[in-house]
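**Q** Here's my sequence, what's the structure:
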Amino acid sequence: MANINVLMCGGRRTGKTSIISAMNRSMLEKFANASIALQVEQSAYLQKYTNNQQALFGTDHMDDDYYFADDQPTSEMDTFRSKVTFSDKRSALGLTFTDIPGEWFVDAAFEDKVIQLIRDNQILIIAVDTPHLIEENGKYHEVFNRPEKITSLIKKALGGGDDKARMVLFVPVKIEKYASNKIIGFHMNDIFDKVKAGYSDLITYLTKSYTGQCTVAVAPCITMGGMEFVNFVPIKDKNGNKLPDLSINGRTGLLEFNHRSRYAYLDDPVTEIHFYAPKNCEQPLLYVLLFLIALDLKRNKNMGPL
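**A** Below is the predicted model of the structure:
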């Protein structure tokens, strides 16, 4: 069985684990009793994570109008081993998803480890927090999604004559507001344009300067469905005074955004109850599979294990 390593990249709290959880859930729903199946070893952990997401829409929150996104840092690296199986029973593909804390991308102490992880993983999935990418004309994109730091580490990792065929998949999450056609003059294609602009340096490097062949794609996901971004709410100090929106982190020397992201609950028009409805979350995995099929066909035009 072929084994492929996938590294989840992104700033702190951009939604890396949410992508894996929603992708697993979508595959179970969309491809039940079909010719393709995704089996994740740590499915109990992901199921717990999914249950926590669903609980945000449960009875304890029926009277809530708003939800504030969790802004607590993570410190541990998680590895999710999975297997993609096909109906002919002969074909199987091993996928290992490595989910590292967003803090590692800005902490010099982890730079060498992150660089090695990038080298060791043939596929990179970059989680993009869409509100930070789009709102306020992208003013807070750099301080939250950290495109400059991620680009720098990828260049360091792949700039030494690496000639592997790779895939970098950008996955904008929390796109509910922008996919609902509620913003006059804004369309889904604009998300693609924002990603291309927000990660222009990285995309240019991967498509023009990287010594190997790199496939670059964008696969937006609706990871919640029943919430829409509303606004950024400033954080207050112990005296109740609003902190400036941007300030220098004394430990890292990097700009930090002092805010909380507020989301509005959406209700089902019939039951008037909050709903949890991820959409399109199987797409990242399907992009990965298509990439691997293309690689295999390129190696051997006469046959492929998939």
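
**Q** Just give me the neighbour total for the residue nearest to Gln213 when sequence neighbours are not counted.
**A** In space, and not counting its chain neighbours, Gln213 is closest to Ala165: 4.7 Å by CB to CB, 6 or more residues apart in numbering. The C-beta positions use only the backbone N, C-alpha and C, and glycine is treated the same way. Neighbour count of Ala165, defined by other CB atoms under 10 Å: 14.

**Q** next one: the one 5 residues further on
**A** By the other CB under 10 Å criterion, the neighbourhood of Phe170 contains 25 residues.

**Q** ditto for the one 3 residues further on
**A** A count of neighbours around Val173, defined by other CB under 10 Å, yields 24.

**Q** Which strand residues bridge it?
**A** In this entry, Val173 is beta-bridged to Asp129, by DSSP bridges.

**Q** Please tell me I have it right and it contacts Pro131.
**A** No. Counting by CB atoms under 8 Å, Val173 sits too far from Pro131 to count as a contact (9.7 Å).

**Q** Could you tell me which residues touch both of these two?
**A** In terms of CB atoms under 8 Å, 6 or more residues apart in numbering, Val173 and Pro131 are not both contacted by any residue.

**Q** State the pLDDT value of Val6.
**A** Reported pLDDT at Val6 in the predicted model: 92.

**Q** show me the contacts for it.
**A** So Val6 contacts Leu95, Thr96, Phe97, Thr98, Asn121, Gln122, Ile123, Leu124, Ile125, Val288 (CB under 8 Å, 6+ apart).

**Q** taking those residues one by one, which sit in strands?
**A** Among these, the members falling in strands (DSSP state E) are Leu95, Thr96, Phe97, Thr98, Ile123, Leu124, Ile125.

**Q** what pairs with the first one across the strands?
**A** The residues paired with Leu95 through beta bridges, assigned by DSSP bridges, are Ile4, Ser82.

**Q** so what pLDDT did it get?
**A** 85.

**Q** Break down the stretch 101-250 of the chain into its strands, ranges please.
**A** 123-129, 166-173, 214-218, 227-234, 246-248 (DSSP state E, counting those that start in this stretch).

**Q** Let me know which of the ones you listed is the nearest to Asn52.
**A** Among the strands of the stretch 101-250 of the chain, strand 227-234 comes nearest to Asn52, with 14.2 Å by CB to CB.

**Q** What strands flank the closest one, and is each parallel or antiparallel?
**A** Strand pairing (DSSP bridges) places strand 227-234 next to strand 259-265 (antiparallel).

**Q** Beyond the lowest-mean-pLDDT helix or strand in the chain, next helix or strand please.
**A** In the chain, no helix or strand scores lower on mean pLDDT, DSSP states H and E than strand 36-40, which sits at a mean of 73. Next helix or strand after strand 36-40 toward the C-terminus (DSSP states H and E): helix 43-55.

**Q** Pull out the buried positions in the helix or strand that that following helix is followed by.
**A** Sequence-wise, the next helix or strand downstream of helix 43-55 (DSSP H and E) is strand 66-68. Buried residues in strand 66-68, counted by 16 or more other CB atoms under 10 Å: Tyr67.
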